[in-house]
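Undergrad: got a predicted model here, sequence first, then my questions.
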Amino acid sequence: MRFLLLLTLSLTGYLVGAEAADSRPPDKLTATSETKPAGAQSGENNLLGLPPVPIPVNNPQTPAKIALGDKLFHDARFSIDGTVSCSKCHNEQHAFTDGLQFSIGHHGLTGTRNAPTVINAAFYHSQFWDGREPDLEGQSKQPLINPVEHGLANHQPILDIIRKDSDYLSAFKTVFGVSDKQVSIDHVAKAIASFERTLVSGNSPFDRYYFKHETAAMTDAQVRGFGLFTNQGRCVSCHVIEQDQAVFSDSRFHNIGIGINQIQQDVPRLAAAFLEAKNKGGDVDKMVLTDKKSSELGRFAVTGELSQIGAFKTPTLRNIAITAPYMHDGSLKTLKEVIIHYNNGGATKAGDTINPYLSGGIRPLNLTEPQIDDLAAFLEALTSPQYAKQTSAPPINPAAAEGAKP
Ligand code: HEC
Ligand code: HEC
C-alpha cells in the first residue's frame, strides 16, 4: 500500500487514486441527473459539482415512491419503544446528523459509532463506515433490527403496522402494486432508499468557484486552503475532486489512525475472536455497533483482511462544517482538531503512537498554524446553500434524548 504522491496537483485538480484497499464498482447502477432533491431550493444549480445520482435499475425513482420513503424515514413507530425513527439520528435540521459522538437509540442506549450524514450518501459505492452494506436498500434494513438503534427483534412489527395503516397500504399499492400481505421489508427498503437518493446537494461556494469560475465565491483564505487541500495537505488523494465533479470520497477504506490505539496491544486476539464469532453466524452490524473494540477493527470486520484493520470508508466532506463531531468514533470535535491529526501524520496528539496499519497516504504534513486555519476555512466552503443556516446539532444529554421526539 505504498502511496505515490506529490504529483503537483494544481488548481486544475486532477485526481490521484490512493491505495486500492477495496472498492466496489457500481455495477448494477444506471445514472440519472434528473433527480430533484426533496426540499431543496428550486435553483437549477443545486447539483452543481455532483455527478449524476446513481439509480439502481431495479429501483427507479418515482415521486410517489420518494414521498413514501420520506414518510417511512420519519416514522418512529418502527421501533421497540416508539421513539426512534431514522430522522432521530439523521435530523434534517442538522444536515441529517445528530451532533452526538455516539448516536442514541431506543431507551437511551448508545452505539459505538458517529452517525454520518445521509446527504450525498447516494454517491458511495458502499454504505456504513466499514462498507458492510453494498447499497442504500441493504443499509436501511439494518438499523431497524439493531439492538441499540430501533431495537426490533425482526422486521415483522413494521409490516404489521403498515398492514393496519390505510394510508400506507394505498401508498404501497400505488408505488409497488402490492397489497396487504404482499408488502415486504424489501419494498420498505426500496422506498427509503429512493427518498435518500433525493438528499443530494452540491452548489457550495467551492462548486461555484471551481466549476463555475466565480472567483469571488470563496474568500482568499479559502482559496489558499484549497491549494493546501490539493497539494501540501494531500487531502484530495482520498477526498476526491475530479475535473467536472467532486464527491470528496474515493469510496475506499483507509486507516488514518483514529480509534485504533485503543485496541493496539490487543489486535491479534480481538481479530481472531471476531472472525470466530462471525464464522459462528455472528451478525457484523450488531457486533460492531454494540462492542466498542469490535468497532475499531474497521473494514477488517467485513473482509477479514489484516491490512484493513482500523480502516474506514473515506467520508464525503460536503457540509462538513455543520456535521461535527468527526470520524467514525466522533472523537474529534472541530475541523481544526482533524487537520492537526493529519498534520501530525495520523496522531491526534503529537507524539501518540503511530499504528502499524496506518495508510501509506498519511504522513506528517508540516503545515503552519496559518495554513491549518486556511485549510479549515476551505472546508467551510463546502456547505450547500440549503444547509447554510444550519449548525451542528448541539450535544444533548442521553437522559433528555430518551423519549425525545425525533
Ligand atoms: C440510533 C441512531 C440511528 C438511527 C435510528 C438510524 N441511524 Fe443511520 N446511522 C447511524 C450510525 C451510528 C451510522 C454509522 C454506523 C456504521 O457505520 O457502522 C449510520 C449510518 C447510516 C448510513 C450510512 C451512511 C454512510 O456514510 O455510509 C445511512 C445511509 C443511514 N444510516 C440511514 C439510516 C436509515 C435509513 C435509518 C432508518 C431506517 C437510520 N439510518 C437509522 C445512526 C442511526
Ligand atoms: C489516505 C486517505 C485520506 C487522506 C489523505 C485524507 N483523508 Fe480525511 N478521511 C479519510 C478517512 C478514511 C476518514 C474516516 C476515518 C475514520 O473515521 O476513522 C477521513 C475523515 C475525514 C474527516 C471527518 C469526516 C467526518 O464526516 O467525520 C475530515 C474533516 C477529513 N477527513 C478531512 C481531511 C483533510 C483536510 C485532509 C488533508 C489534510 C484529509 N482528510 C486527508 C481518508 C483520508
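TA: Nice, thanks for sending it over. Numbers count the residues shown, from 1 in each chain. Ligands and ions are numbered 1, 2, ... in the order given.

Undergrad: now do stretch 377-391: distance from first to last residue.
TA: 15 Å (Cα to Cα, to the nearest Å).

Undergrad: repeat for stretch 192-209
TA: Where stretch 192-209 begins and where it ends lie 33 Å apart, using Cα to Cα.

Undergrad: could you grab the helix/strand/coil label for residue 69?
TA: helix (DSSP: H, G, I helix; E, B strand; the rest coil).

Undergrad: what about residue 224, neighbour count?
TA: Burial of residue 224 is recorded as 18 neighbouring residues (other Cβ atoms under 10 Å). Backbone N, C-alpha and C define where each C-beta goes, glycine included.

Undergrad: and it, how far is that from residue 210?
TA: Residue 224 sits 14 Å away from residue 210, going by Cβ to Cβ, to the nearest Å.

Undergrad: ok, residue 45 next?
TA: Residue 45 is 13 Å from residue 210, by Cβ to Cβ.

Undergrad: which one of those two has more residues nearby?
TA: A count of neighbours by other Cβ under 10 Å puts residue 210 above the other of residue 45 and residue 210, at 23 against 14.

Undergrad: my guess is that one contacts residue 203, does it?
TA: No - checked against Cβ atoms under 8 Å, the pair residue 210 and residue 203 is beyond contact range at 11.5 Å.

Undergrad: between those two, which contacts overlap?
TA: Counting by Cβ atoms under 8 Å, 6 or more residues apart in numbering, the common neighbours of residue 210 and residue 203 are residue 49.

Undergrad: for the stretch 1-150 of the chain, which spans come out with low pLDDT?
TA: 1-44 (pLDDT under 70).

Undergrad: how about the nearest residue to the residue most central in space within the chain, chain neighbours excluded?
TA: Geometric centre of the chain, nearest residue: residue 116, 4.1 Å, by Cα atoms, centre = their mean. Counting by Cβ to Cβ, 6 or more residues apart in numbering, residue 315 is the residue found nearest to residue 116 once chain neighbours are left out, at 5.9 Å.

Undergrad: which other helices and strands does the host helix or strand of residue 223 contact?
TA: Using DSSP states H and E, the element containing residue 223 is helix 220-230. The contact analysis (3 or more Cβ pairs under 8 Å, 6 or more residues apart in numbering; DSSP states H and E) places helix 220-230 against helix 205-210, helix 369-379.

Undergrad: residue 228 contacts residue 378, doesn't it?
TA: Yes - contact criterion Cβ under 8 Å: residue 228 and residue 378 qualify, at 7.2 Å.

Undergrad: out of these two, which sits in the busier spot?
TA: Using other Cβ under 10 Å, the more surrounded residue of residue 228 and residue 378 is residue 378, with 27 against 19.

Undergrad: now do that one against ligand 2, distance only.
TA: 8 Å (Cβ to the nearest ligand atom, to the nearest Å).

Undergrad: per-residue confidence at the closest residue to that residue other than its chain neighbours?
TA: Nearest residue to residue 378 in three dimensions, chain neighbours excluded: residue 225, at 2.8 Å (Cβ to Cβ, 6+ apart). Looking at residue 225, its pLDDT is 98.

Undergrad: try the one 10 residues further on
TA: pLDDT, the model's per-residue confidence, is 98 for residue 235.
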